[in-house]
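Student: Sequence and predicted model, in that order:
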Protein chains: 2
Amino acid sequence: MRLTRAGEYGIRCVLDLARHGKGILVSRKEIAVRTDVPPHFLAKIAQQLARAGIIEILQGASGGYRLLSDPSEITLLAVIEAVIGEISLNDCVGRPESCDNSALCTVHRVWNKANRQLRETLQEADFATLAAEDACCLTPFPKTDGRNPPSGKK
Amino acid sequence: MRLTRAGEYGIRCVLDLARHGKGILVSRKEIAVRTDVPPHFLAKIAQQLARAGIIEILQGASGGYRLLSDPSEITLLAVIEAVIGEISLNDCVGRPESCDNSALCTVHRVWNKANRQLRETLQEADFATLAAEDACCLTPFPKTDGRNPPSGKK
DNA sequence: GATATATAAGATATATTTTGTCTTATATCG
DNA sequence: CGATATAAGACAAAATATATCTTATATATC
């Protein structure tokens, strides 16, 4: 019951793009290095973000990725679900037919509530806000000026 | 980001016991058949429930499991976390040290909120309430009187 | 105490999912 | 056209989850 790495990577990618701003082209390689995501894995994730209409991918020399919307209009939920599919905390939330009796089932009802709350909370978080302050899980951003070293991993 | 089968099985097991009531001994085999959980897998899950103080395991002929508390005092959260460990939706929730900057990080803050909400919702659900009505994900209970057949799977 | 039955505990096997890489193809710039 | 960047899908590796099997131990009953 934990966000997959792919989902986490998707967030990092959009966060990096959000910091550059809507429409600004950033190369995959650059993003991969800065966010510490394997380049080819990032490519796959980017394709999903593109399919969801969150980013645009430009091929060719000097290609890369760019945000299609203003960061303030992109939610954490949208990014996560673009990568890992719609969130469903329990099987019976996403596939009611997996239960005999999901309409009445009290357990089912709790999961539905929890699932709705979770999605709401993730939907309230937009990338303008997220990008505004320091975000962890990212190697330091361009504005790095000496303090805040790569700290730790490799 | 989905409850594991083990977690689901733990819920079924406690739900079955809750329907019998606190202190009532029910054999593993009986529970396994009724909840459609592989007996040996159920054994492992039961051991975790026992370690968490939710059930008591009796060995020997005519052994089995029984609830140590009144169903009204057992929460969905307690059962789930007994089986799968403490819920943390994102790695950085459970291990703040995995982030450079978890105290300030805005993404981290969202996950913390979501995680707290989820745990609260699961904590509000007690097994007296859950067992009171029909619960899905269970083959029919003793009170079955002909309607509500095993429906479907095998 | 002997026997039958039930669970304990841990080793092992299987399946599934996730993560990461590699290769070939395609697009774009200069 | 050549250099460079991404697309797309096959493939490999790793991690995790699920399930089973075996040996040991506890308890009831005779």
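Tutor: Here it is on my side, so go on. Just so it is clear, the model here is predicted, and its values are computed rather than measured.
Student: hey, which helix or strand in chain A has the poorest pLDDT?
Tutor: helix A:91-94 (a mean of 76; mean pLDDT, DSSP states H and E).
Student: Could you see whether chain B lies near that one?
Tutor: Yes. Using C-beta under 8 Å from any C-beta of the partner chain, helix A:91-94 reaches chain B at A:91-92. C-beta here means a position set from N, CA and C on the backbone, and glycine is covered the same way.
Student: Output the contacting helices and strands for that helix.
Tutor: helix A:106-124 (3 or more C-beta pairs under 8 Å, 6 or more residues apart in numbering or on different chains; DSSP states H and E).
Student: Counting by contacts, list what the helix it packs on packs against.
Tutor: Using 3+ C-beta pairs under 8 Å, 6+ apart: helix A:106-124 touches helix A:76-84, helix A:91-94, helix B:106-124, helix B:127-132.
Student: Can you name the residues in contact with the last one?
Tutor: What that stands for is helix B:127-132. The contact list for helix B:127-132, computed with C-beta atoms under 8 Å, 6 or more residues apart in numbering or on different chains, reads A:106-107, A:110, B:14-15, B:18-19, B:70-72, B:74-76, B:79.
Student: redo that, cut-off 7 Å
Tutor: A:106-107, B:14-15, B:18-19, B:71-72, B:74 (C-beta atoms under 7 Å, 6 or more residues apart in numbering or on different chains).
Student: Among those residues, which one is most surrounded by other residues?
Tutor: B:V14 (30 neighbours; other C-beta atoms under 10 Å in any protein chain shown).
Student: contacting residues around that one?
Tutor: Going by C-beta under 7 Å, 6+ apart, the list of residues near B:V14 reads B:49, B:54, B:74, B:79, B:127.
Student: before we move on, back to that, what about contact with DNA strand C: does the least confident helix or strand of chain A have any residue there?
Tutor: No. Residues of helix A:91-94 contacting DNA strand C under C-beta under 7 Å from any atom of the strand: none, with a closest distance of 10.0 Å.
Student: how about A:P71, what does it touch?
Tutor: A:18, A:22, A:126-128, A:131.
Student: which residues of chain A fall in strands?
Tutor: A:55-58, A:64-67 (DSSP state E).
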